[in-house]
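This is the structure alone, sequence omitted:
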């Protein structure tokens, strides 16, 4: 069974680093995380704040690419590090085709694309 680890990151600590390859989807169990990038010029660009119960990092997992930002705890924060395999299982179980059963049942119920 895949696991999700909880780690405490102190205020101003890094949850993740821009450019690193990572195998985790990240969730804020308690706290607040700033998603930012610091270009070579040195002026920080803040993208979003992720509060308690928010998740981030799915783009890097879905595209299998390095992170495009830093995640920095704005206060002491408990962070869930969900492994890629667990994320994939959740994603698969939440797909529309799974929820509807099959494309045939969706069309039969009037849920097919283009039906009014």
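Nice, I can see it. Small disclaimer: the values here were computed from a predicted structure and weren't measured.

what ranges do the helices span in the chain?
58-63, 84-93, 96-100, 103-108 (DSSP state H).

Run through the residues that contact the residue nearest the centre of the chain.
Nearest residue to the geometric centre of the chain (C-alpha atoms, centre = their mean): residue 56, 2.9 Å. By C-beta atoms under 8 Å, 6 or more residues apart in numbering, the contact list for residue 56 reads 25, 26, 27, 33, 35, 50, 71. C-beta here means a position set from N, CA and C on the backbone, and glycine is covered the same way.

Name the member of these with the most neighbours.
residue 33 (28 neighbours; other C-beta atoms under 10 Å).

Do I have it right that it meets residue 74?
Yes: here residue 33 reaches residue 74: they are 6.8 Å apart, a contact under C-beta atoms under 8 Å.

Which neighbours do those two have in common?
With C-beta under 8 Å, 6+ apart, residue 33 and residue 74 have common neighbours residue 49.

Can you tell me how far residue 55 is from residue 81?
Applying C-beta to C-beta, to the nearest Å, the value for residue 55 to residue 81 is 11 Å.

Next, show the common contact partners of those two.
In contact with both residue 55 and residue 81: 25, 26, using C-beta under 8 Å, 6+ apart.

the more surrounded of these two?
A direct count of neighbours by other C-beta under 10 Å for residue 55 and residue 81 places residue 81 higher, at 18 against 13.

Can you name the residues that contact that one?
4, 5, 6, 7, 24, 25, 26.

Please indicate which of those residues are buried?
24, 25, 26 (16 or more other C-beta atoms under 10 Å).

Filter the residues you listed down to just the ones in strands.
24, 25, 26 (DSSP state E).

any chance of those in JSON lines, plus distance to residue 39 and pLDDT?
Shown next, in JSON lines, are these (distance: C-beta to C-beta, whole Å; pLDDT from 0 to 100):
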{"residue": "24", "distance to residue 39": "24", "pLDDT": "93"}
{"residue": "25", "distance to residue 39": "25", "pLDDT": "94"}
{"residue": "26", "distance to residue 39": "22", "pLDDT": "95"}
